[in-house]
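In: got a predicted structure here, sequence first:
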Amino acid sequence: MVKPILTIPKDDQALRQKSQAVTTFDKSVENLVTDLTDTIDAQTDPVGLGLSAPQIGVFKRVFVARIRNKLKSFVNPKITKFSQAETSFLEGCFSVPEIYGHVIRPAEIDLLSQDMHGKSSNIHYKGVPARIIQHELDHLDGILFIDHVHTQNGKVFKVEKDKRGKEQFIEVSLP
Ligand SMILES: [Zn+2]
């Protein structure tokens, strides 16, 4: 079922909660993954790269992420290794509407996580998938990408269309 997405400033307090580990792999985990999938698939402008359970008001350690064009679910994810190398990437978030900013993060990670049935895997990710996973995992700890922009002294931008309909990035203050 498509769920409403929590956004700041209205839902700031909820989005700042730390989510709880999944301990029982019953139908409710499957239903949660279905809701996350339905909700992210309903987003077309822009298309969603990832969505975490707390963003739909469920404070469980679950998220979905688009990995090489396929939506994959992650339960109880834990990064076991970060690369020394870091990259900067322009991030946005459905919970921080219309705001974009560059965030510096480790370029590669090893992720230990479970699927919706409790099966564990440990997978190495790099590039955009590593980026999406780190962003979504942050949500489970109540962290938003703008927090990183803030600590990294970065800037945030709003996208506005000019008279000819061309998109422009306008610098705004951090929400
Ligand atoms: Zn987000």
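Out: The structure has been received and is ready for your questions.
In: with just CA atoms, put stretch 129-138 into CSV.
Out: Extracted as CSV, the C-alpha positions of stretch 129-138 are listed here (Å, rounded to 0.1, in the frame of the first residue of the first chain):
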residue,chain,number,x,y,z
PRO,A,129,24.6,1.6,-4.6
ALA,A,130,27.1,2.3,-1.7
ARG,A,131,25.9,5.8,-1.6
ILE,A,132,22.2,4.9,-1.5
ILE,A,133,22.7,2.3,1.2
GLN,A,134,24.6,4.7,3.5
HIS,A,135,21.9,7.4,3.1
GLU,A,136,19.1,4.9,3.9
LEU,A,137,21.0,3.3,6.8
ASP,A,138,21.4,6.8,8.3
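In: can you tell me what sits against it?
Out: For stretch 129-138, contacts defined as C-beta atoms under 8 Å, 6 or more residues apart in numbering pick out 49-52, 63-68, 74, 77, 79, 87, 89, 91, 93, 103, 105-109, 111, 125, 144-145, 147. Just so you know, the C-beta spots here come from the backbone N, C-alpha and C atoms, and that holds for glycine as well.
In: my guess is Leu111 meets Asn76, correct?
Out: No. Assessed by C-beta atoms under 8 Å, Leu111 is found out of contact with Asn76, at 10.7 Å.
In: give me the element the residue nearest the centre of the chain is part of.
Out: The centre of the chain sits closest to Glu136, judged by C-alpha atoms, centre = their mean, with a distance of 2.9 Å. Assigned by DSSP states H and E, Glu136 falls within helix 127-140.
In: list the buried ones in that helix?
Out: Within helix 127-140, the residues that qualify as buried are Pro129, Ala130, Arg131, Ile132, Ile133, Gln134, His135, Glu136, Leu137, Asp138, His139, Leu140, counting by 16 or more other C-beta atoms under 10 Å.
In: average pLDDT for that helix, rounded please.
Out: Per-residue pLDDT over helix 127-140 has a mean of 98.
In: got the CA coordinates for the next helix or strand after it in CSV?
Out: Moving toward the C-terminus from helix 127-140, the next helix or strand (DSSP H and E) is helix 145-151. Output in CSV follows, covering the C-alpha atoms of helix 145-151 (Å, rounded to 0.1, in the frame of the first residue of the first chain):
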residue,chain,number,x,y,z
PHE,A,145,21.7,13.9,4.7
ILE,A,146,21.5,17.6,5.6
ASP,A,147,23.2,16.8,8.9
HIS,A,148,26.3,15.7,7.0
VAL,A,149,26.0,18.8,4.8
HIS,A,150,26.0,20.8,8.0
THR,A,151,29.0,19.1,9.6
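In: Ser117 contacts Thr24, correct?
Out: In this structure residue 117 is His, not Ser. No. Using C-beta under 8 Å, His117 is not in contact with Thr24; the gap is 11.6 Å.
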